[in-house]
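Participant: pasting a predicted model and its sequence here:
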Amino acid sequence: MTALRLVQRMKRDWMHTGRRPSGLCGAALLVAAHLHDFRRTIKEIVNVVKVCETTLRKRLVEFEDTPASQLTVEEFMKVDLDQECDPPCFIAGLKKKKAQEVYRIQFSLQKILKFDFFLFCEIQVYRDEIDAELEQCRPKLRGVYAAYTKEGR
């Protein structure tokens, strides 16, 4: 019954769309077995439902992203969540779009930092030239107080 409820919940969360039912059934069987202390390995489930191990893992990861996966066993069996989750492909698209945006921002920041560094270096060269020019243009002090104006004293 727990596996059936899991499959129903997966269908409400759009996990069945565009997928073969054997992957969902395998994931539901594995979760239900672990919930009720029946220790079944992934290989045993794979041999029963005839899907690849990676498919089973993908369905488990997709179910992990749903609100139903955060419920305890008692809550899952008693409470029927009204809300639906977005389809996994939609969530994956959002994640991909966000990752591209982060990459674009990082790339822009790198370009800005490189430009700032080169600008800083160029300003430093001009600052050194200006300081040298000002040093040459200053009148030379003579007399008793000239010894006190030198750097380092």
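Facilitator: Happy to help now that I have it. Residues are numbered from 1 along each chain as shown.
Participant: which residues touch Met15?
Facilitator: 24, 59, 62-63, 66, 87-88 (C-beta atoms under 8 Å, 6 or more residues apart in numbering). Using the backbone N, CA and C atoms, a C-beta is placed for each residue, glycine as well.
Participant: how about a cut-off of 7 Å?
Facilitator: 24, 59, 62-63, 88 (C-beta atoms under 7 Å, 6 or more residues apart in numbering).
Participant: and it, helix, strand or coil?
Facilitator: coil (DSSP: H, G, I helix; E, B strand; the rest coil).
Participant: tell me the domain ranges of the chain?
Facilitator: Using the TED database, the domain parsing of the chain gives 1-85, 87-138.
Participant: can I get the ones you listed in a markdown table with distance to Tyr148 and mean pLDDT?
Facilitator: Output for the domains of the chain, formatted as a markdown table (distance: least, C-beta to C-beta, whole Å; pLDDT from 0 to 100):
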| stretch | distance to Tyr148 | mean pLDDT |
| --- | --- | --- |
| domain 1-85 | 74 | 83 |
| domain 87-138 | 15 | 79 |
